[in-house]
Each structure stands twice: as C-alpha cells, then as structure tokens.
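Student: Requesting a structural model of the entry that follows:
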Amino acid sequence: MNIIITNTGGIPIYEQITNQLKEQILSGELKAGDALPSMRVLARELRISVITTKRAYEDLERDGFIESYVGKGSFVKSKSADFLREENLRAIDENLTNAITYAKRCNISLEELSNLLEIIYKGDGTDV
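Tutor: Sure thing, here's the model as predicted:
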C-alpha cells in the first residue's frame, strides 16, 4: 500500500488518504479482506497525527469501503460488483465533467471532444 501526501493543492491530508485508499480499493490493488495498517502505524509512516488517520478511516468506513473491529484492525470490505460499478461511474462522471469544462473554456466543439474521447477510448492508453 502506497500513500503519497502533499502539502500543496489545498486538499486536507485525511482526504488525500481517503481518496488514495478508495482508488486502490476500486482498482483492485487492495482486495476484500486485506488488512490496512493500524491508525498509529499509518500515522507514524506518513509522519502525521493519529487524529488525521482516524478521520480518514472513519470516512472510509462511513462510505462502506472498510470495516473496523476493536482489537483486530481495519479491513477492506467486501463489495458487490454493482456497488463498485456505481463508484467507478461516479468517478467517470466527475472526470468527464471536468474535461467538458476545459473544452468549453478552449472553445472545443462537442464533435472535436467526441472524436478525442473515441481516440483515447480505442487507444492503448499509453499516450493519455
């Protein structure tokens, strides 16, 4: 498990942890049943407060990504395929909305944007 924290960009540290762990779960890098490091261990590794890791784990648990057991730790929660699909669709929607915003700022037509999307989708993804 690899988490990279940055002090630039204005995103709170707990949110950076939450987002990166969600991404690792959705991508399959972290699988159902995988144990997460304890809040204290993660805080020590990242050189941050335990309160920060606690907030991240609470958010992940609230959103249904992990489950925690007193005395045992926190684990990636088993999810249904439908839930994972919905989470991925939500992320795709967010990213496409951002792309459309940029396209409109640059006066790129819907046809040009559609062509670009088709090229990227059909490509091997190495030039993205």
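
Student: Residue ranges in the protein under the pLDDT threshold?
Tutor: Low-confidence segments of the chain (pLDDT under 70): 80-81, 124-128.

Student: residue ranges of the strands in this structure, please?
Tutor: 66-69, 73-76 (DSSP state E).

Student: Would you format the ones you listed as a markdown table with mean neighbour count included?
Tutor: Every C-beta, even on glycine, is put in place using the N, C-alpha and C of the backbone. A markdown table is the format used below for the strands of the chain (neighbours: other CB atoms under 10 Å):
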| stretch | mean neighbour count |
| --- | --- |
| strand 66-69 | 16 |
| strand 73-76 | 18 |
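
Student: could you dump those to TSV with distance to E23?
Tutor: Formatted as TSV, the strands of the chain follow (distance: least, CB to CB, whole Å):
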stretch	distance to E23
strand 66-69	14
strand 73-76	13
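
Student: so which of those gets nearest N2?
Tutor: Nearest of the strands of the chain to N2, taken as CB to CB: strand 73-76 at 15.2 Å.

Student: Give me the contact list for the closest one.
Tutor: Contact with strand 73-76 is made by 25, 30-36, 38-39, 57, 60-61, 65-69, as judged by CB atoms under 8 Å, 6 or more residues apart in numbering.

Student: okay, now A35: neighbour count?
Tutor: Residues lying near A35 (other CB atoms under 10 Å) number 13.

Student: In contact with it: list those residues for me.
Tutor: Residues in contact with A35 (CB under 8 Å, 6+ apart) are 73-75.

Student: Nearest to N88, out of the strands of the chain?
Tutor: Across the strands of the chain, the minimum distance to N88, taken as CB to CB, is reached by strand 73-76, at 16.0 Å.
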